[in-house]
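Colleague: let me see the structure of the following:
(chains A and B)
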Protein chains: 2
Amino acid sequence: MRTPQEYLASILNGIAPLAATSLDLAEANGCVLAEDVHAMWALPSFANSAMDGYAVIASDVADASVSHPVALQVIEDIPAGSWPLLEVTSGTAARIMTGAPLPVGADGVVRVEHTDGAMPVVLVHSPSGGHIRSIGEDVQPGEQVLNQGQVLSARTIALAAAVGRSTVLAHPNPRVAVISTGSELVEPGQPLAAGQISDVNGVMLEISLRELGALVIRSSIVDDHADALRQALDDAAQQADLIITTGGVSMGAHDTVKEVLSSLGTVTFERVAMQPGMPQGCGHIGSPPTPIVTLPGNPVSALVSFEAFVRPVIRRLQGREDSKFSSGEVIAGAAFSSPKDKLQFVRARFSSGSALTATPIGAQGSHILGGLAQAECLLVVPAEVELVSVGDTLAFIDLRRESR
Amino acid sequence: MRTPQEYLASILNGIAPLAATSLDLAEANGCVLAEDVHAMWALPSFANSAMDGYAVIASDVADASVSHPVALQVIEDIPAGSWPLLEVTSGTAARIMTGAPLPVGADGVVRVEHTDGAMPVVLVHSPSGGHIRSIGEDVQPGEQVLNQGQVLSARTIALAAAVGRSTVLAHPNPRVAVISTGSELVEPGQPLAAGQISDVNGVMLEISLRELGALVIRSSIVDDHADALRQALDDAAQQADLIITTGGVSMGAHDTVKEVLSSLGTVTFERVAMQPGMPQGCGHIGSPPTPIVTLPGNPVSALVSFEAFVRPVIRRLQGREDSKFSSGEVIAGAAFSSPKDKLQFVRARFSSGSALTATPIGAQGSHILGGLAQAECLLVVPAEVELVSVGDTLAFIDLRRESR
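Modeller: Okay, the predicted model is just below:
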């Protein structure tokens, strides 16, 4: 059996970043930029006032004070969004709003609080404090403001908008189809007949995918009939960038997923040396080939497998560099034993007061959802480790993406 | 002038959590649960097999080995989703799949790997390893599995789905209208006439709101005409749980926002002792009253004000307990001076290798978008501090929500 790390490497071998495309700014958050962004104009693109007040010739008001105010003729009123028509000459001023263009002739602004605010003659009580934003003092025309490979954020997208862009070339978020397989599954909230269970994986994976930025285009339950599954997979392959199935990949004689997929493309199945989540499968189906990852049907196994394998696949499709297996390292807050020969993913919670210590919680069976609900992370215990001691360092996968 | 903390407290005084409502599970991620969730049935709801194999009477195969296999008559085939019809008696077995119901009479499962896998007589090479999941070993019927006040995650929603729920009673995410005001504003990507600038705040705030889970129902640009603004505010008040405006709240004589809002509701304007972001306003408009927060028009001031005031408002509307002003504490990685009398929000980056040290970046003017784009956090420098030394501890606001 391969280790999870070896298996992940083999999956990622078959996954390339989605082709970059033009994305509206509002849709590009979290995406990897696929171009250098250059400014179409300077920022500011015109000299403007940093304050509400009066545009003046600074030397006119150099000696102004409350006891010796300077009177200036107000020749124009310049709101933001307008363009000044007149030149400020000695003895004159223009009323000006924050962000409004500086009129020709003016070389300073007096804040309205330092005047009597009057028209058509204003009394200035203080010298000009400057308060001019010069052309290009933030960004020069043509300047490169964002770099290919950057992950876009509200702030970098703001800068792209400011320099003239409404779209950017970036790797889009993948469209993902989720298919829960199994004749025993019913939609959550439906009453259960004998032998039935609620489909937990559909909603759990839909949320987990969305947290990573992926777009879940369909989530469906398919029973164990080959025709229904083949149809669902065909539909998914035509629409999705990635297909995730759950269930039907163990040793069971009725595992339709294996039968159907084996005939549709390059999907292979194997047992990976991990617990939970041993039975795994991956490959491509359809033409052009759409990647597919088949997860076990147990919700706990499905979530662990999602974190170990699908999360890195999503990040690779998004063009992100770090398709990492773990989130970092954490200190074990309690001693516990661990079966050998397989890497163990142990549900754990961070100890209060510190994000760097974590302690396993409750029963770890692959059907135990109660413990999964409480888990904040998965501790990664290597196959060769049989006993973890307090203070040992372990890799972990952080599950707390929903804590905003 | 009030401090930002005092001003935030006054805003939050007027904000109550949105009334809890029934949310589909897939829409409830990140929401605060407003009920205790009890299991409608046990988990597992029926005894079932943890393995693909054969359901047996354990004593029948207690001495089975490869050299001395035990032959059992296979009386039934039990796929997942079916219900067994026959009783297993001594000398018989039922083929059973993972998750399928255990037949009456059987008290153990032998993995298929420990048999010859044959029908209608199977040779068993090993004693039963148990492999039975008992009714209710995870959750008992009626057991409280989730608590009012919990923030829902993929994992807690999975548990709700498993125990019979398709919806939960939770505080919904707020619907927010964003209105950028100013005759100088044009849509991003449009060419600029003299005196015009691209509207940066609309897309920046839309993304920032979405990162917090809010639903941005409209984002519009309104010029400085009272009628247009009044119409936009009326529309927004009818649809939104919160209105955010940018621009028009400074000392400017053309600041239509102040004039219109003063006549529409309880909105008040004030100068808050902070930089950037001094001119602020908040209150309620319409009937029933919709909360509104008016932010300055400079993108940097708008983002800082958003983080300081709107973020806590969103969290309060979501029913979250911690409407905190800052994200925690960080160590200053460089010395810098800070103007006194006003709290300063200083754009900074975390030092490489440690998330606990941060260093200011570049020019800090409120129109400088280049520096904002690079910022990872805002350092919060108290009004009385004029010099920050290397190693000083400062509060900070983390801006890196987009790093998934």
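Colleague: low-confidence stretches in the stretch 301-404 of chain A?
Modeller: Scanning the stretch 301-404 of chain A for pLDDT under 70 picks out the ranges A:322-323, A:353-355, A:402-404.
Colleague: now chain A
Modeller: Looking at chain A by pLDDT under 70, you get A:250-254, A:322-323, A:353-355, A:402-404.
Colleague: what comes up buried for the lengthiest helix in chain A?
Modeller: Across chain A, the longest stretch assigned as helix under DSSP state H is helix A:226-239. Of the residues in helix A:226-239, those buried by neighbour count under the rule 16 or more other Cβ atoms under 10 Å in any protein chain shown are A:228, A:229, A:230, A:232, A:233, A:236, A:237. Every residue, glycine included, has its C-beta placed from N, CA and C.
Colleague: in TSV, list those residues along with distance to residue B:97.
Modeller: Shown next, in TSV, are the buried residues of helix A:226-239 (distance: Cβ to Cβ, whole Å):
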residue	distance to residue B:97
A:228	18
A:229	16
A:230	20
A:232	20
A:233	21
A:236	24
A:237	27
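Colleague: ok, those residues vs residue B:320, which is closest?
Modeller: Nearest to residue B:320 among the buried residues of helix A:226-239 is residue A:236, at 36.3 Å by Cβ to Cβ.
Colleague: residues contacting the closest one?
Modeller: A:177, A:179, A:218, A:243, A:290 (Cβ atoms under 8 Å, 6 or more residues apart in numbering or on different chains).
Colleague: so the fourth one: helix, strand or coil?
Modeller: So the one you mean is residue A:243. Put simply, residue A:243 is strand when judged by DSSP: H, G, I helix; E, B strand; the rest coil.
Colleague: quick check, it in contact with residue A:285.
Modeller: Yes. In this structure, residue A:243 is within contact of residue A:285 by Cβ atoms under 8 Å, at 7.2 Å.
Colleague: which of the two has more residues huddled nearby?
Modeller: residue A:243 (26 against 21; other Cβ atoms under 10 Å in any protein chain shown).
Colleague: how much space between the more buried one and residue A:174?
Modeller: Distance, residue A:243 to residue A:174, using Cβ to Cβ, to the nearest Å: 11 Å.
Colleague: check residue A:34 too.
Modeller: For residue A:34, the distance to residue A:174 - Cβ to Cβ - is 15 Å.
Colleague: go on, residue A:233?
Modeller: As for residue A:233, its distance to residue A:174 is 17 Å (criterion: Cβ to Cβ).
Colleague: before we move on, the earlier item: measure how far the longest helix of chain A is from the centre of its chain, please.
Modeller: 29 Å (Cα atoms, centre = their mean, to the nearest Å).
Colleague: need the contacts of residue A:236 in TSV with distance to chain B, can you?
Modeller: Output for the contacts of residue A:236, formatted as TSV (distance: Cβ to the nearest Cβ, whole Å):
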residue	distance to chain B
A:177	15
A:179	16
A:218	12
A:243	19
A:290	23
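Colleague: closest one of those residues to residue A:79?
Modeller: So of the contacts of residue A:236, ranked by how close each gets to residue A:79 (Cβ to Cβ), first place is residue A:218, at 51.2 Å.
Colleague: can you give me the strands for the stretch 151-300 of chain A?
Modeller: A:167-170, A:175-181, A:185-186, A:197-198, A:215-222, A:242-246, A:268-271, A:274-275, A:279-285, A:290-295 (DSSP state E, counting those that start in this stretch).
Colleague: need the strands for the stretch 1-150 of chain A, in chain order.
Modeller: Under DSSP E, counting those that start in this stretch, the stretch 1-150 of chain A gives strands at A:21-24, A:37-38, A:48-49, A:53-56, A:70-78, A:92-96, A:108-111, A:121-124, A:132-133, A:144-146.
Colleague: and those, which is most packed in?
Modeller: Here the criterion is mean neighbour count by mean count of other Cβ atoms under 10 Å in any protein chain shown, and of the strands of the stretch 1-150 of chain A the winner is strand A:53-56, at a mean of 30.
Colleague: what pairs with that one, parallel or antiparallel?
Modeller: Applying DSSP bridges, strand A:53-56 is found paired with strand A:92-96 (antiparallel), strand A:108-111 (antiparallel).
Colleague: sorry, back to before: relative to strand A:290-295, how tilted is the longest helix of chain A?
Modeller: 130 degrees (axes from the mean of the first three to the mean of the last three Cα atoms, to 10 degrees).
Colleague: does residue A:151 really touch residue A:321, like I thought?
Modeller: No. Here residue A:151 lies out of contact with residue A:321, judged by Cβ under 8 Å, at a distance of 9.5 Å.
Colleague: mutual contacts of these two, please.
Modeller: Joint contacts of residue A:151 and residue A:321 (Cβ under 8 Å, 6+ apart) do not exist.
Colleague: between the two, which one's more packed in?
Modeller: residue A:151 (19 against 11).
Colleague: quick one: contacts for the residue lying closest to residue A:64 once chain neighbours are set aside?
Modeller: Using Cβ to Cβ, 6 or more residues apart in numbering or on different chains and skipping residues adjacent in sequence, the residue nearest residue A:64 is residue A:70, 4.3 Å away. Going by Cβ under 8 Å, 6+ apart, residue A:70 touches A:60, A:61, A:63, A:64, A:123, A:124.
Colleague: do that again at 10 Å, thanks
Modeller: Going by Cβ atoms under 10 Å, 6 or more residues apart in numbering or on different chains, residue A:70 touches A:56, A:60-64, A:91, A:93, A:110, A:115, A:122-127.
Colleague: of all the residues you listed, which comes closest to chain B?
Modeller: Using Cβ to the nearest Cβ, the shortest approach to chain B within the contacts of residue A:70 belongs to residue A:115, at 10.9 Å.
Colleague: doesn't residue A:51 make contact with the closest one?
Modeller: No. Residue A:115 lies out of contact with residue A:51 (Cβ atoms under 10 Å); the separation is 11.1 Å.
Colleague: which of the strands paired with strand A:53-56 sits closest to residue A:262?
Modeller: For residue A:262, the closest of those is strand A:92-96, at 74.0 Å, according to Cβ to Cβ.
Colleague: angle of the closest one against strand A:70-78?
Modeller: Going by the same axes, to 10 degrees, strand A:92-96 makes 50 degrees with strand A:70-78.
Colleague: surely residue A:336 meets residue A:389?
Modeller: Yes. Contact criterion Cβ under 10 Å: residue A:336 and residue A:389 qualify, at 9.1 Å.
Colleague: those two - which one has more neighbours?
Modeller: residue A:336 (19 against 10).
Colleague: need the strands of the stretch 1-150 of chain A in TSV with distance to residue B:189, can you?
Modeller: Below are these laid out as TSV (distance: least, Cβ to Cβ, whole Å):
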stretch	distance to residue B:189
strand A:21-24	9
strand A:37-38	12
strand A:48-49	21
strand A:53-56	30
strand A:70-78	26
strand A:92-96	28
strand A:108-111	30
strand A:121-124	39
strand A:132-133	23
strand A:144-146	15
